[in-house]
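In: sharing a model that was predicted from the sequence below.
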Amino acid sequence: MLGVILALLIVPLTASLAAALLPGSAKVGPVVTGTSGVASFGLVLVLVPAAAHHDLDYLSYLRVDALSAIFLLATGFLYAVVGIYSIGYIRHHGHGDRYARRFYAGFNLFAWAMLAAPMMSSLALVWIAVEITTVVSALLVAIEDTDGAAEAAWKYVLIASAGLSLGLLATVFAYFAGAQVLGEHYNLAIQPLIAAGPRLPATPVRLAFLLALLGYGTKVGLFPVHTWLPDAHSEAPTPVSALLSGSLLAVSLYAILRYYQFTAAALGSGFPRDALLAFGVASLLLAALYLFGQRDIKRLLAYSSIEHMGILAIGVSFGAPVALAGVMLHVLSHAAAKGNAFMGAGVFTVKYGTKQISNMRGVLDLLPWSGPLFLLAIFALSAMPPSGIFRSEFQIVAGGLDSGNYAAAAVLVVLVTVAFFGLTTASTRVLFTRAPRSLSAAAVGPSDRGEPSAWMVIPAVAGVAALFLLGLHPPAELTALISRAVTELGAAR
């Protein structure tokens, strides 16, 4: 399996270099990006059966366990489908070879960093990988060279850098706590820290978790350090927005879960679960309210991402095995659903030449494939059966009741219901309201029925298939992987 892991690190990095250095990026970039995305997802699938049964440790700094594999699956799947989608998107963008070179090089490097983070065996290396995602994604947010994009990127850099500074301080406290037991030469490896949990000093462990929750929570989009997220998602190219929402937020949550593991081993699960519950409820409340009245379709989906990150934090706080299983499934389902939603929104912006919801009408009439696929994504994000998110949220609520957190489970149900109305109200206007004849044509005329590109439709079909698969009958190997990930998190309780 070492060859598979090394290939998973080499393939997207090679694709980034090829897109940046080879001549004719408008032609080379799509080929290497689509190929790299599909190959990377295939490599992750190869890792799943092994990770479902035992940990994979190599070269003292590479480690893949069941928890890692869950997040690798989310990133690998999104990298594949969004990489293919970007072929059609960039063709319609019309910025030329220089733009294509920068986009494809940055896109593949961004995916590489997000694939690398869950495979790092050390908290320090995880921090470095997440820091790389910040630098690369900030450049991708600003790639449009507009005032709005530059402002969003600058805001993102300031807030995310402040958060990752706290994350670095959390790493320092984790090292201090580990060094008291494991010696000064301790290298911040995650598993020895978890194993030594009962002997770790309480105060530095508590500080490390709180700093990690606030620091990495900045990248997750948890309240009150979420303010960069709507602007960045709105201004970034749509394929980048899909990766930001479905993968980057999850990878940052992965870092928090590693701190959760050794904190629960050292202090018991009560303290970290209470902290996650507070941040999760606040984030879910904010997102549920802000989903109403959004004018930009990508900002609407950005607040939906905050909602789902809040759901994940609440799910971990419940601590029951069924809730943790729901959290793992939710990571995968949210990646597929949010990727589909952003890909649909990208088709709409190409079709209508705007991100404004008020200027998008009659989508179901004009886009015979993207309209229904977007509707299915919105239903999935609203936890409608038989999607994977319905299954995962049902498990999370059941876990809340099973653990005795009746009030928190009730709050979760109420706020998710409020968010459902906010999300579907705006989507209904876009999908079902008939387009007025006076609506002017843009990149593709709204009066012309048809899809801008088949490359922008096929990945969304794959996303819907994944959502139904996760909701109706998850594969046996995936079920085993989730069970083992739950054991890994539960063992720290």
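Out: Noted; the coordinates are in hand.

In: residue 150: what's it in contact with?
Out: Residue 150 makes contact with residue 142, according to CB atoms under 8 Å, 6 or more residues apart in numbering. The C-beta positions use only the backbone N, C-alpha and C, and glycine is treated the same way.

In: so which strand or helix has it?
Out: helix 147-182 (DSSP states H and E).

In: what's stretch 168-175 in contact with?
Out: 123-124, 127, 186, 188, 193, 204-205, 207-212, 215-216, 259, 262.

In: 6 Å instead, please
Out: 123, 124, 127, 188, 204, 207, 208, 211, 212, 215 (CB atoms under 6 Å, 6 or more residues apart in numbering).

In: which one in those is the model shakiest on?
Out: Across these, the bottom pLDDT score, 90, is held by residue 188.

In: and that residue, how many neighbours?
Out: Close neighbours of residue 188, defined as other CB atoms under 10 Å, add up to 21.

In: only whichever of the contacts of stretch 168-175 are buried, select them in ChimeraX.
Out: In ChimeraX, a selection of the buried entries from the contacts of stretch 168-175 looks like this (16 or more other CB atoms under 10 Å):
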select :123,124,127,188,204,207,208,211,212,215
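
In: turn the contacts of stretch 168-175 into a markdown table, columns for distance to residue 8 and secondary structure.
Out: Shown next, in a markdown table, are the contacts of stretch 168-175 (distance: CB to CB, whole Å; DSSP: H, G, I helix; E, B strand; the rest coil):
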| residue | distance to residue 8 | secondary structure |
| --- | --- | --- |
| 123 | 21 | helix |
| 124 | 20 | helix |
| 127 | 20 | helix |
| 188 | 22 | coil |
| 204 | 34 | helix |
| 207 | 34 | helix |
| 208 | 29 | helix |
| 211 | 30 | helix |
| 212 | 25 | helix |
| 215 | 26 | helix |
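
In: who touches the helix or strand following the helix holding residue 150?
Out: Next helix or strand after helix 147-182 toward the C-terminus (DSSP H and E): helix 190-195. For helix 190-195, the surrounding residues in contact (CB under 6 Å, 6+ apart) are 178, 182, 258, 261, 262, 265.

In: give me the lowest-pLDDT entry from those residues.
Out: residue 182 (90).

In: distance check, that one against residue 260.
Out: Here residue 182 is placed at a distance of 19 Å from residue 260 (CB to CB, to the nearest Å).

In: those two - which one has more neighbours?
Out: residue 260 (24 against 19).

In: for the lowest-mean-pLDDT helix or strand in the chain, which helices and strands make contact with it?
Out: In the chain, no helix or strand scores lower on mean pLDDT, DSSP states H and E than helix 363-366, which sits at a mean of 88. Helix 363-366 is packed against helix 406-432, with contacts defined by 3 or more CB pairs under 6 Å, 6 or more residues apart in numbering; DSSP states H and E.

In: need the pLDDT of residue 376.
Out: 95.

In: ok, it - how many residues close by?
Out: Residue 376 has 21 nearby residues by other CB under 10 Å.

In: try the one 10 residues further on
Out: Here the neighbour count serves as a burial measure; for residue 386 (other CB under 10 Å) it reads 14.

In: once you drop chain neighbours, what's closest to it?
Out: residue 471 (4.3 Å; CB to CB, 6 or more residues apart in numbering).

In: over to residue 83?
Out: Distance criterion CB to CB, 6+ apart; nearest residue to residue 83, sequence neighbours excluded, is residue 37 at 3.0 Å.

In: show me what the strand or helix carrying the one you found is packed against.
Out: Using DSSP H and E, residue 37 falls within helix 25-51. The helices and strands touching helix 25-51, judged by 3+ CB pairs under 6 Å, 6+ apart, are helix 2-21, helix 66-93, helix 97-116, helix 476-490.

In: quick one on the thing from earlier: and the pLDDT at the residue nearest to residue 83?
Out: 97.

In: for residue 181, see how far away it is.
Out: Counting by CB to CB, the gap from residue 37 to residue 181 is 42 Å.
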